[in-house]
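S.K.: Here is my input, please return the structure:
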Amino acid sequence: MIYINNFNKTILDKNIKFIICDFDRTITSFSSNTCWNLFSKSPLVDIGFSEECTRLYNHYRPIEIDSTISFEEKSRYMEEWTIATSRVFGQFGINKQKLFEVLSTDNGIILRRGFESFAKLTNEMGIRFYIVSAGIYDVIHYTLEKNNLLLPNIHILTNKFKYNETGVSGIDGLILHSCNKDAINLPIKPDEFGLLFGDQIEDKIVGEKYDTLDIGFCPKREMLDVYNQSFDITLTPNSSFDSIGKILLKK
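M.R.: Coordinates of the predicted model:
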């Protein structure tokens, strides 16, 4: 089901030049593993890795969803979480070879229904497609490559691991998390119009500098009112990219 909320419907006739899109549970389905947790669930990784990541999750996840904490304070905690988790990768000796060994097994990264055809259509139409994610570059790149979706119009902006002789040694450059995607500067002109897709309210901040129609995949029915107030178009958890593509791209 699609909920088109309170905005000027003539905006649907504007020429779409770009798309900004989250990855985990936006491009992927809500039943999919995420870039980070697929390693915790892999039998190829030491059980101690999973236990430590679970401990960090139980500490930081309540902070991430706590609406009483200021955005600035929450942002600091989210950066702490990302750094701490990347250190666990190094602590348990996950190097590039091990990372791709996990990825090449049945890793549970499941693309949302209709994304393949949607992405290919945007490429045919010459629409620039920016994946802005708090995930892991190697995971996103591998997933797109596996599905023949490393298209010329797709650009991946996310966390890139650094490696040394023993494994992951940190994150190279900007540490991206759920609260600082606005730190990314995209090559978008002020007069260009585009679409923004996300599954969390925070995903919208990357588009605040640009002219976007905001589309949200709402995770739970009880959150529908909040999403309807925050996004121009709200989609249910299992919505397909086909449904929104028929409205916005296939005119």
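
S.K.: C-alpha from now on. contacts and neighbour counts both.
M.R.: OK.

S.K.: need the strands for the stretch 101-250 of the chain, in chain order.
M.R.: Counting by DSSP state E, counting those that start in this stretch, the stretch 101-250 of the chain has strands at residues 128-136, 154-163, 168-172, 193-198, 211-217, 233-235.

S.K.: burial count for residue 173?
M.R.: 11 (other C-alpha atoms under 10 Å).

S.K.: Same question for the one 3 residues further on.
M.R.: Using other C-alpha under 10 Å, residue 176 has 24 neighbouring residues.

S.K.: on that earlier part again, so which of the strands of the stretch 101-250 of the chain has the densest surroundings on average?
M.R.: Among the strands of the stretch 101-250 of the chain, strand 233-235 has the highest mean neighbour count (mean count of other C-alpha atoms under 10 Å), at a mean of 24.

S.K.: Mean pLDDT and distance to residue 224 added to the strands of the stretch 101-250 of the chain, as CSV?
M.R.: What follows is these, written out as CSV (pLDDT from 0 to 100; distance: least, C-alpha to C-alpha, whole Å):
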stretch, mean pLDDT, distance to residue 224
strand 128-136, 98, 23
strand 154-163, 97, 28
strand 168-172, 96, 35
strand 193-198, 96, 14
strand 211-217, 94, 10
strand 233-235, 91, 8
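
S.K.: need those in JSON lines with distance to residue 67, can you?
M.R.: Shown next, in JSON lines, are the strands of the stretch 101-250 of the chain (distance: least, C-alpha to C-alpha, whole Å):
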{"stretch": "strand 128-136", "distance to residue 67": "20"}
{"stretch": "strand 154-163", "distance to residue 67": "25"}
{"stretch": "strand 168-172", "distance to residue 67": "28"}
{"stretch": "strand 193-198", "distance to residue 67": "18"}
{"stretch": "strand 211-217", "distance to residue 67": "18"}
{"stretch": "strand 233-235", "distance to residue 67": "21"}
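
S.K.: Out of those, flag the one nearest residue 95.
M.R.: In terms of C-alpha to C-alpha, the element of those nearest to residue 95 is strand 168-172, at 5.7 Å.

S.K.: Mind listing the strands the closest one pairs with, and their directions?
M.R.: strand 154-163 (antiparallel) (DSSP bridges).

S.K.: quick one: contacts of the partner strand?
M.R.: Strand 154-163 has contacts (C-alpha atoms under 8 Å, 6 or more residues apart in numbering) with 86, 95-96, 123, 128-138, 140-141, 168-176.

S.K.: quick one on the thing from earlier: to residue 145, which of the strands of the stretch 101-250 of the chain lies closest?
M.R.: Using C-alpha to C-alpha, those put strand 154-163 closest to residue 145, at 11.5 Å.
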